[in-house]
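Asks: Got a predicted structure here, sequence first:
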Amino acid sequence: MVTPLGLDLDTFWSGLIGGGDALTAIERFRTDDLRVGRGGEIKKLPAVAAGVRSRASALLVGAAADLRARARLGAAEDRIAVVVGTALGGVEEIEHALAGDDSPRRVLDGLYDAPAHALADWLGVRGPVLTVSAACASGATALGIGADLLREGAADLVVAGGYDVLCRFVLRGFDVLRALTRERVRPFDRRRSGLLLGEAAGLLLLARERDARGPRLGRLRGHGSASDASHVAAPDPGGRGLEAAIRAALAEADVAPGDLDFVSAHGTGTPLNDRIETAVLRRVLGPRASAIPVNSIKGALGHTMGAAAALEAIMCLLAAREGLIPPTVGYEEPDPACDLDYVPGGCRPARPRLMLSTSLGFGGCNAALVLEGVR
Amino acid sequence: MTRGSRVAGVGILTGWGEGVAALPADARAAAGGRAVVPLGRPALDGERFRRATRECLLGVEAVNVTLRDAAIDRASIRGDRTALLFVTAGAYGPSNAEFIVTETAGAGRTEGGQAQARRGSAGTLHFPYTAPSALSGEVAIEFGLTGAYVILIGGAPATVDALWQASRLLASGRCDQALVLAIETFAECEALWRRARWTLPAPLVEAAACALLVAADVAPVYRAAATDAGALAADVEARAGRTLTASPLVALGLARAAGGGVVRVGGAWRGRTAAIELATAGRAARV
């Protein structure tokens, strides 16, 4: 993985459990005409990404290099698939193209599926290459479809996850929507006032249970998606789509809500999202809702959009392996409308086995994953 | 539990008109040298559509045409038992370009001024429409679709992947019916597409196409990495031109018009070829 907290899995994890905050002043592009100029910016890309044409592809290549250092791609190259999620694809290349760079490559790199193909080329794999673009729920759906490809027998290994870059296009967009905070990102906190964006790439190597070689981080037990059919830019006030996605993921996983040990929430830090998400979790989790720890890592990294769910899935699996749940950075003052256990303060010793991860995005996208850790 | 799916309705809108009957025998000849064969903005009533993009309206209209083809009404698909799977290669391009030109860059125009002239000033209301999910989101809102929801980006292989995902959702009982919707628009970004001409031979034909799949006992055969997209793919390109993600759905429309049966549809994009064999009802059949 490549994140603002660190350029590999180990530094990401140590940053999370240390309560790190990687939200800084953005240096890579102009922000002086925007209300907010802070975010989870990666200041220096990994050396392995030097020469990669677009920043989006470079993030994926950096994450893939970290993945390959930890896991062997032990299958025929035409049996390895790539499935990645993104909200923005290579849109920064379209910015360049419209700014006068008339290279044909810029246009092709600007299509949202270009970075996934660049990743497959870099890995040297020739299996199916899929790009999911369900806004900020993309990473979760990509992992789910990756698992489906394995079940179908369409691939023997799948490199799956998500990515997105922090560029002027998206910062300007969220800025005009007044969704960005000028303060600290505070998921579920009474004083929460908005999100900050981040950039990252997170990849996992998926294999069928019977084919798995070497150490494993865990299992993807189930995934679900659902549409709100409510509003293009805002979540359904009742959280119906999110609830449907969670229930679908639990059903596929054959897990009862009360059996969950930990929830990684979308937790953007916007007043609306966190209140809706809390209400949905309380409905779904039932009587045990208050006893199940719920965290959000967006106070540490910002909202990494298409990468978010992949990073959060990795965080869940590491929590199970390491016996520590990272805190919700920025959460300090309880909100009566957000009344779950949000892991305040520092990381919490616990060894969750069954975990839920939730995601929401523009266009009424909702997705959920049920993960099982290796203790 | 059922094992698979069957295509019960297909709606096709292309720059040539509505339905496969409107397709010319030779798209290149019919294009008459045009690089892009555009689709008009559907005239849909309602305040809700006042600010909607042309791409969104095309998606809504493609579903309307599909419902007519399947001889079912809107109420039949409303709710959480209908999955929506949306695919596109570049229908988000016009909104992206417009937002960049009017908001991000702050000055300048796309080549030919297309984006700037398209809808006038962009702004707060416009940014969410830069997301591909906004297109499918508007369709979901219009028809009240609250079931499983997948959005894939790519060319014809992405549509094959979506047809496969739809079949999986049906076979697993997650839904009773699934809409696979493809939208491609090129006119606003014609100058950008022209730069990439070496990969996209003329003509680019705008399209919005949709297939309604229902549960059936026939399991589809999904070839995620195929060597051959099937004979229909070549026929579609010759008759319809380059419709990218819409092309497998146009192929289903041709198959349905020809009486149905198990048909192989697919296509190639960025070096990948994918295909799926699906049972397709003939037009006389009803859901």
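Replies: Received it, and whenever you're ready, just let me know what you need.
Asks: Can you find the helix or strand in chain A with the smallest mean pLDDT?
Replies: Across the helices and strands of chain A, mean pLDDT, DSSP states H and E gives its lowest value to helix A:104-110, namely a mean of 87.
Asks: Stretch B:265-283 near chain A anywhere?
Replies: Yes: Stretch B:265-283 is in contact with chain A by Cβ under 8 Å from any Cβ of the partner chain, via B:Arg270, B:Gly271, B:Arg272, B:Ala274. C-betas here are computed from N, CA, C, even on glycine.
Asks: buried subset of those?
Replies: For the residues of stretch B:265-283 next to chain A, a neighbour count by 16 or more other Cβ atoms under 10 Å in any protein chain shown gives the buried set as B:Arg270, B:Arg272, B:Ala274.
Asks: give the contact list for the first one.
Replies: Meaning B:Arg270. By Cβ atoms under 8 Å, 6 or more residues apart in numbering or on different chains, the contact set of B:Arg270 is A:Asp113, A:His117, A:Val129, B:Gly154, B:Gly155.
Asks: now the last one
Replies: Taking Cβ under 8 Å, 6+ apart as the definition of contact, the neighbours of B:Ala274 are A:Pro128, B:Ala156, B:Pro157, B:Val160, B:Asp161, B:Arg223, B:Ala224, B:Ala225, B:Ala226, B:Ala229, B:Gly266, B:Gly267.
Asks: And for the second one?
Replies: With contacts taken as Cβ under 8 Å, 6+ apart, B:Arg272 has the following neighbours: A:Pro128, A:Val129, B:Pro157, B:Ala225.
Asks: what separates it from A:Val61, distance-wise?
Replies: Using Cβ to Cβ, to the nearest Å, one gets 19 Å for the distance from B:Arg272 to A:Val61.
Asks: where do the helices sit along chain B?
Replies: Assigned by DSSP state H, chain B shows helices spanning B:27-31, B:54-70, B:93-99, B:114-119, B:132-143, B:156-171, B:190-195, B:231-240, B:247-257.
Asks: burial measure for the closest residue to chain A within the stretch 151-287 of chain B, as a count.
Replies: Closest to chain A within the stretch 151-287 of chain B is B:Ala224: 3.9 Å, counting by Cβ to the nearest Cβ. B:Ala224 has 23 neighbours, counted by other Cβ atoms under 10 Å in any protein chain shown.
Asks: Next one, pLDDT for residue 94 please.
Replies: In the absence of a named chain, chain A is used. With respect to pLDDT, A:Ile94 has a value of 91.
Asks: My question was about chain B, not that one.
Replies: 93.
Asks: thinking again about what came up before, could you export the residues of stretch B:265-283 next to chain A to CSV, including columns for distance to A:Asp66 and pLDDT?
Replies: Shown next, in CSV, are the residues of stretch B:265-283 next to chain A (distance: Cβ to Cβ, whole Å; pLDDT from 0 to 100):
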residue, distance to A:Asp66, pLDDT
B:Arg270, 25, 92
B:Gly271, 26, 92
B:Arg272, 25, 94
B:Ala274, 29, 97
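Asks: what does the stretch 201-350 of chain A put close to chain B?
Replies: Within the stretch 201-350 of chain A, the positions near chain B by Cβ under 8 Å from any Cβ are A:224-233, A:240-241, A:244, A:248, A:252.
Asks: Run a quick neighbour tally on the closest residue to chain A within the stretch 51-200 of chain B.
Replies: Using Cβ to the nearest Cβ, the closest approach of the stretch 51-200 of chain B to chain A is made by B:Ser133 at 2.6 Å. As a burial measure, B:Ser133 scores 28 neighbours (other Cβ under 10 Å).
Asks: Spatially nearest residue to it, not counting backbone neighbours?
Replies: Take B:Ser133 and drop its neighbours on the chain: the residue closest to it by Cβ to Cβ, 6 or more residues apart in numbering or on different chains is A:Gly363, 2.6 Å away.
Asks: in a helix, that's where the one you found is, yeah?
Replies: Yes: A:Gly363 forms part of a helix when assessed by DSSP: H, G, I helix; E, B strand; the rest coil.
Asks: B:Phe86: what's it in contact with?
Replies: Residues near B:Phe86 by Cβ under 8 Å, 6+ apart: B:59, B:132-133, B:135-136, B:139, B:150-152, B:162, B:181-183.
Asks: Drop anything exposed from the residues you listed.
Replies: Buried among the contacts of B:Phe86 by 16+ other Cβ under 10 Å: B:59, B:132-133, B:135-136, B:139, B:150-152, B:162, B:181-183.
Asks: quick revisit: now tabulate the contacts of B:Ala274 in a markdown table and tack on pLDDT.
Replies: Formatted as a markdown table, the contacts of B:Ala274 follow (pLDDT from 0 to 100):
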| residue | pLDDT |
| --- | --- |
| A:Pro128 | 96 |
| B:Ala156 | 97 |
| B:Pro157 | 98 |
| B:Val160 | 98 |
| B:Asp161 | 98 |
| B:Arg223 | 94 |
| B:Ala224 | 93 |
| B:Ala225 | 90 |
| B:Ala226 | 89 |
| B:Ala229 | 91 |
| B:Gly266 | 97 |
| B:Gly267 | 96 |
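Asks: Just the buried subset of those residues, please.
Replies: Buried among those by 16+ other Cβ under 10 Å: A:Pro128, B:Ala156, B:Pro157, B:Val160, B:Asp161, B:Arg223, B:Ala224, B:Ala225, B:Ala226, B:Ala229, B:Gly266, B:Gly267.
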